[in-house]
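Q: Next input, structure requested:
(chains A, B and C, ligands or ions: 3)
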Amino acid sequence: MSTLLTYISVNDGKIKRSSLEVLSRCNQLAKEKGLTSAALVVDQNPGAVTDTLKKYGPSVIYTIENPIFKNHLNTPLLKALSAAVEKINPKLVAFASTEGSKDILGALAANRRASALADMSEFELTDNGVKGKRPVMASKIISAVEAEGECVMITVRSGSYDVVEQEGDTSVEPIDFSFSDDELRLTLKEIISSSSDRIDLSEAEVVIAAGRGVKDEEGRNLISELASVLNAGVGASRALTEAGDYDPSLQIGQTGKVVSPQLYIGIGISGAIQHVAGMANSKVIVAINKDPDAPIFDIADYGLVGDLYKVLPPFIEEIKKVKSEK
Amino acid sequence: MDEKFDCIIVGAGVAGLAAAMTLANNNMKFLLIEKGEFPGAKNVSGGVLWGNDLAKLVPNYWEEDAGWDRFINQRRLTFLDEQSSFSIDFKSSHFNEPPYTGVVVLRSKFDRWLADKVQEAIDKSDYAMDSFIAPNILVEEVLQEDGKVVGIRTGEDKFYADSVIIAEGVNNLLTRQVGLQDKYVPADHMLTGVKEIIRFDQDVLENRFQLNGKSGMSNEFVGFATNGVEGGGFLYTNKDTISLGLVLGLKDLREKEQKPHDILNEFKKHPAVADTIRGGEVVEYSAHIVSSGDKRVMPKQLYKAGLLVCGEAANLLMNAGKAIQGMDYAIRSGILAAETIVGAKEKEDFGELAMKAYQDTLDESYVMKDINNFQDAVHLLHDPVMTQKVPNLICDFGRNFFSIKNEPTPKSRDMLRGAIKRHASYWELIKLGAKGAKAL
Amino acid sequence: MKFYVCIKQVPDVNAPLQIKDGKLVQDADRNILNAYDASAVEEALVLTEAHGGEVEVVLAGPEKAKETLRKALAMGAHKGTHIVTSGDEPFDSFSFGKILAKFFSDKEYNFILCGKQSQDTDSGLTGSILAELLDKPYVTNAVGLKLEGETLTVKRQGDAGQEMIEVPSPGVVTCSNDMNDPRIPSLKGIMQSKRKPVETISVADIDAGVSADDVKTRVLSFEEKPEREPGKKYEGEPEEIAREVARLLDSAESVI
Ligand SMILES: Cc1cc2nc3c(=O)[nH]c(=O)nc-3n(C[C@H](O)[C@H](O)[C@H](O)COP(=O)(O)OP(=O)(O)OC[C@H]3O[C@@H](n4cnc5c(N)ncnc54)[C@H](O)[C@@H]3O)c2cc1C
Ligand SMILES: Cc1cc2nc3c(=O)[nH]c(=O)nc-3n(C[C@H](O)[C@H](O)[C@H](O)COP(=O)(O)OP(=O)(O)OC[C@H]3O[C@@H](n4cnc5c(N)ncnc54)[C@H](O)[C@@H]3O)c2cc1C
Ligand SMILES: Nc1ncnc2c1ncn2[C@@H]1O[C@H](COP(=O)(O)O)[C@@H](O)[C@H]1O
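A: Ligands and ions are numbered 1, 2, ... in the order given. The predicted structure is shown next:
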C-alpha cells in the first residue's frame, strides 16, 4: 500500500507544531484513500519524541538516528532522506515549510527524480500526483498547481491545517544509516544566535511585530512589555532586522517567517506587501501607525491611528487590567 | 565612449521621449536621463493625449495593441450642482478612424512603451552603441561654462554635450537653476491633480459607457465636482478601468482648507458619478502638480546657449474647460526642440541665436497660438462664477425643464430667468458672457 | 575567482495585477531583475572588488529579458550569457535547474550564486536542484558571505539562528536579499553595459533534455485571495482608542 510520508521537524527535542499539522493532514488523506500515513524523524535522539508522536497516530514512525543531526546540515540530511525515500518508496513526502526543509527540497527531489512544490497552503492527492494551492506574487494571489510523478515532495505553510490527535497502532521502525565525517562537504563553524529560548514565532498564538516606527530603546521596551503581558512572540519588519535592532530570525514576511497567529499586532509598520505576505493569514490583525493612509490599515481589523509612543502605554495598561479581571 | 554627446535630454516623460525619438530618427548621439525607476513610473495624466502628433513619433501606432488604451469618439461636458447633472454629449463616428484625435493612455504603461520604441529607433541608428536611455538617475545640475550650457551633473559624475534639452516636467528645478525662471514661483498659479484608477470587468465597462471595441469616452465636469474649490473633474475610459480625477487650484485649496482626496471622495458620491463607478475597484491613487497654463508663470524664455526647455517644464499646458492639453503640447515642443538641435548640429552652432529658432517655431505652432489666444478663457475658467454659479444655474434650469408636473408648465425662457435669479445676477452673467465671447 | 550569478527576470509584484478567467493579467508589462538575484550580483561584485576575479551573469528567459541582463551588467558584472527561451514554455524550477546545470557542466568556476527564491513564485528550488545536478556542495538562504582563499564562509539564516558554514570551491550558494542593498546602476555603468560581452545561446542548443512535455509541475489557474472583511480605523485621543481596542480584543474577539 503506498505511503504518505511526513517529515517531522524536531528542534531541541521538541516536535514543531507545524509538522504535526502536516501529519494530521496526511493522516486524513490516508484514511480517505486507504493509504498508509507514516512519519519520519531524523535526529540525534529520535526516541525522545516517538511517544509524543504516537498520539497523532501515524501507522509507522521511521527513525534515523545519528549524532550528526544535532545541527542542521544539508549533506547528511539529504543522504538520510534519500535513503528513507528509497526504502519506503512513498507517494508523497510532506514537510512543514521551514528553513531546514526549504534547504533540501529541491536537491532531494532532483536526487530522487521526484517532483516538488514548495510552500503549499492546501494539498490533496490526485491519481498521478498532488494538486493544491500556494500563494504567489508576494502572497497577493493564490495559484492552483499540480505535480505529477510517482513521488511528489512538498512543503506546507504553517497554519494551513489543524493538528488532530488520533488513536491507532503505531510501529517504530529504525532505518539503518551511517555517516562519516569525510562525507561532509560543508563545515558548520558556528551557530551565532539561537532563538530556542524565545517563543517560536511561527507557532505563537499572539505575535507582535515592530517596524521602523519603533525608533529607540524606549520603543523596544514598550514592545517587550506588551509581549510579556500578552505572552506573545516578537517579530519585526525588515527595516528593523536590517538595522540590527532585532534578530534576523525574527523577520516576518516574504523573505522571513510566515506567521498565522490568533492575534497579530503590527506596530510602526507600513504594511509593504512583502511584509504582509508573512502575516496576512493572522486571525485578528491590529495595526498601530501614525499615518492614516498606511497600507497596513487596508488589512487591519483594528487600525489605531496614532503615535505608538502615546498609544502603547494605555494599551498595555488596559490589557493588564482586562487580564487581571479574569 | 567618453566623448561628448550631441544632446542630453533630462526627463523621459512625453516631452523627453518625443525629443529622443526625433533625435534617434535623425541619427544623433544622445543621452536620455530619467530619475524614475523606469520611464512613466511616477508620471500622472488624466490621460487623453489629444491631437495626432503621436503618429509622428510612432507611425500607425494604432495597429499595435499596446501602449495606448482607447481612442475617444464620444465627448461629454457635465455641469453639476449638489444633486443634479446637466451634460452636453457629442459622439461621432467621424472620430472612429485613424489617425485618431484623442487617445486615452495610462502613463506608466504608455511612457514605458514609448521608451521601448525610442530604444528601437536608437538600435537602428548609427549610434546604437552610443546613445542611451538611462533610468533611475537624477540630474542634479545643468553645467554651464562661459554662459553656455555644456552638460549635466549627476552625483559626482559629469557628462558633456553640445546641447541639453530640459524636459523635467512641471516641477522645473533645473529650469530655475539655469535662471530661465525665477527660483521661487508662487503656488497660486498652480493646480494639483488627483486621480484614481477604478477597475471593472471589461464587459461591464463597455456596456456602461456604450463603448465598442477600442472606442472610449471622455467626460469633463464643472461645478459641484470640486466642493467649491476652483477646478474641475474628469472621467476617461481606459481598457478595463476608468481614470477619475480632479484638478484643483492650490491657492483655493489652501484658503478653503480642503484636502484633494476628501473632495475626490465627495465627488465620487455625487449621483452622476456614483452611478457610473458602482461595482468598480480602486486599484491606484495618484496625485501630481499641474500648471494652470497661465502665461504669467511661464519661463521668461525657453532657450539659452546650448539649452532648450520643453513640455510642462516650460509650463506648456492648456486647460480652458473643454480638455486638459499637456501631453500633446509636450510632444510637439519635444519634437520642435529636437529638430532645432538637429539643425544646430548641421551648422555646428549651438549658440543662443541658433537656439532661439526653437522659440520661434514654437510661437508659430498651434501650441503657443492656442496658449496666447485662450489666455482669457484660462482666466475665465478660474472665475468662481464659472466654477459655481453657472453649473448651479444650468442644473436648476435642467431640473425645471425636464420635470413634468401636473400643473401648467412655464415657458422655458421663464424657467431660465428664474434659475438666473436664484443663482447669479444678470450683471454677473452679462460680464461673464462678454468675457466668454472674447475668450473663446 | 570566478563567480557565476544566475539571474532571472520576474514580473514586478508591485505592479497592479488581476485575474481574468483564471489567468494572471498584469496591467503593465513590468518586469524586473529578481530582487534576490540583485543581492547575489551585488555580493559577487563586492567580493571580486576586494579579492579580484570576474562576475558573469547567466539568464534563461525570453528575448525581452535581455534588459534584465543589461541591468546586471550595468551594476558591474563583467559579462553575461543569455539562454534564450520563447517565454511560452511552461518551465518550472526543475526545467531551469536542468538547463542551467547543462550550461555549467563544461564551465570552470569557483562559485555559482543564485537567488534564494523567485520573487513572483517564491519557489526557492532552482538553486539546490542545480547544486544536486552538478553534484556540488551548496548552502541556501545566505545572509552574508566572506571569502578566505578559495573558501567561502556563508552566514546562513536557519531555523534556530544563524549558521556559519564553510563551502569549498566549487560550490553553489543561494542568497537572501537581507545581505545587502544592491547598487543602482550609475550612468557610467549603464553606458559601459552596452559594450560588455553577452553570449546568446538558444535553449535548444543547450540540449538539456527539457521539453514542455516533461515539465512535472504546472500552474493550473490563479485565484483571488479570500477577501478580509474591512476593519475599522480608530482615530482620536490615543488614550481612548487604545483602551477601546484593548477591551474589544477581549470582549469581541477573545484573543487576549
Ligand atoms: C524581495 C523583497 C523581500 C522583502 N521581504 C521582506 C520581509 O520578509 N519582511 C519585511 O518586513 N519586509 C520585507 N521587504 C521590505 C519591505 O518592502 C519594506 O521595505 C519593509 O517591510 C518596511 O518596513 P517598515 O514597515 O517597518 O518600515 P516603513 O515602511 O518605513 O514604515 C514605517 C511606518 O512606521 C510609521 N511610524 C513612524 N513613526 C511612528 C510612530 N511614532 N508611531 C506610529 N507609527 C509610526 C510610519 O507612518 C510608517 O508607516 C522585502 C522587500 C523586497 C524587495
Ligand atoms: C491629474 C492630471 C490630469 C491630467 N490630464 C491630462 C490629460 O488628460 N491630457 C493631457 O494632455 N494632459 C494632462 N495632464 C497634463 C500632463 O500630464 C502633462 O502636461 C505632461 O505630463 C507633461 O509632460 P512632460 O514630458 O513635460 O512632463 P512629465 O510627464 O512630468 O515628465 C517629466 C519627466 O522628467 C523626469 N525628471 C524630472 N526632473 C528630473 C531630473 N532632475 N533628472 C531626471 N529626470 C527628471 C520626471 O521623473 C518625469 O518622468 C494632466 C496632469 C495631471 C496631473
Ligand atoms: N530562468 C532562470 N535563469 C537564471 N536563473 C534562474 C532562472 N530561474 C531560476 N533561476 C535562479 O534560481 C533562483 C530562483 O529559484 P526559484 O525560486 O526556484 O525560481 C533565482 O533567484 C535565480 O538565481
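
Q: For the strand or helix carrying residue A:95, name the packing helices and strands.
A: Here residue A:95, judged by DSSP states H and E, is contained in strand A:92-96. Contact partners of strand A:92-96 among helices and strands, from 3 or more Cβ pairs under 8 Å, 6 or more residues apart in numbering or on different chains; DSSP states H and E: strand A:3-8, helix A:17-33, helix A:99-112, strand A:152-156. Every residue, glycine included, has its C-beta placed from N, CA and C.

Q: Quick one: mean pLDDT over the first one.
A: By that I understand strand A:3-8. Mean pLDDT, strand A:3-8: 98.

Q: how far does it sit from the chain's center?
A: 16 Å (Cα atoms, centre = their mean, to the nearest Å).

Q: Identify all contacting residues around that strand.
A: A:15-16, A:19-20, A:22-23, A:26, A:29-30, A:35-42, A:49, A:53, A:58, A:60, A:62, A:81, A:84-85, A:88-96, A:101, A:125 (Cβ atoms under 8 Å, 6 or more residues apart in numbering or on different chains).

Q: and the angle from that strand to helix A:17-33?
A: Orientation note: strand A:3-8 sits at an angle of 170 degrees relative to helix A:17-33 (axes from the mean of the first three to the mean of the last three Cα atoms, to 10 degrees).

Q: is the next helix or strand after strand A:3-8 anywhere near chain C?
A: Beyond strand A:3-8 on the C-terminal side, the first helix or strand identified by DSSP H and E is strand A:10-11. Yes: judged by Cβ under 8 Å from any Cβ of the partner chain, strand A:10-11 comes into contact with chain C at residue A:11.

Q: in terms of contact, does residue B:304 touch residue B:356 like I think?
A: No: using Cβ atoms under 8 Å, residue B:304 is not in contact with residue B:356; the gap is 9.6 Å.

Q: who has more neighbours, the two?
A: Taking neighbours as other Cβ atoms under 10 Å in any protein chain shown, residue B:304 and residue B:356 compare with residue B:304 leading, 22 against 17.

Q: Just the element for residue B:394, please.
A: Going by DSSP H and E, residue B:394 is part of helix B:390-402.

Q: Could you pull out the buried residues of whatever helix or strand comes next after that helix?
A: Proceeding N to C from helix B:390-402, the next assigned helix or strand is helix B:412-423, under DSSP H and E. Across helix B:412-423, burial judged by 16 or more other Cβ atoms under 10 Å in any protein chain shown covers B:415-416, B:419-420, B:423.

Q: How about stretch C:202-222?
A: Residues C:203, C:206, C:208, C:210, C:215-217, C:219, C:222 are the ones in stretch C:202-222 that count as buried (16+ other Cβ under 10 Å).

Q: Report the two of those separated the most.
A: Maximum pairwise distance in these, criterion Cβ to Cβ, is 29.5 Å, between C:206 and C:222.

Q: what's the closest non-adjacent residue to the residue of chain B found nearest chain A?
A: Nearest to chain A in chain B, going by Cβ to the nearest Cβ, is residue B:261, at a distance of 8.5 Å. Spatial nearest neighbour of residue B:261, excluding adjacent residues (Cβ to Cβ, 6 or more residues apart in numbering or on different chains): residue B:194 at 6.3 Å.

Q: Make CSV from the buried residues of helix B:412-423 and add distance to residue B:163 and pLDDT to it.
A: Supplementary listing: the buried residues of helix B:412-423 in CSV, determined by distance: Cβ to Cβ, whole Å; pLDDT from 0 to 100:
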residue, distance to residue B:163, pLDDT
B:415, 61, 79
B:416, 57, 78
B:419, 57, 79
B:420, 56, 78
B:423, 54, 77
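
Q: ok, so of those, who is nearest residue B:14?
A: Using Cβ to Cβ as the measure, the one of these that approaches residue B:14 most closely is residue B:423, at 39.5 Å.

Q: quick one: contacts for the closest one?
A: Shown in contact with residue B:423 (Cβ under 8 Å, 6+ apart): B:389, B:392-393, B:396.

Q: how far away is it from residue B:228?
A: Distance, residue B:423 to residue B:228, by Cβ to Cβ, to the nearest Å: 14 Å.

Q: ok so, going back, could you list the buried residues of the helix holding residue B:394?
A: For helix B:390-402, by 16+ other Cβ under 10 Å, it's B:390-398, B:400.

Q: Also stretch C:50-62?
A: Quick answer for stretch C:50-62 (16+ other Cβ under 10 Å): C:53, C:55-62.

Q: rewinding a little: tell me which of the buried residues of stretch C:202-222 is nearest to ligand 2?
A: Proximity of the buried residues of stretch C:202-222 to ligand 2 (Cβ to the nearest ligand atom) peaks at residue C:222, which lies at 31.8 Å.

Q: Please name the bridge partners of the closest one.
A: Beta bridges link residue C:222 to residue A:143 when assigned by DSSP bridges.
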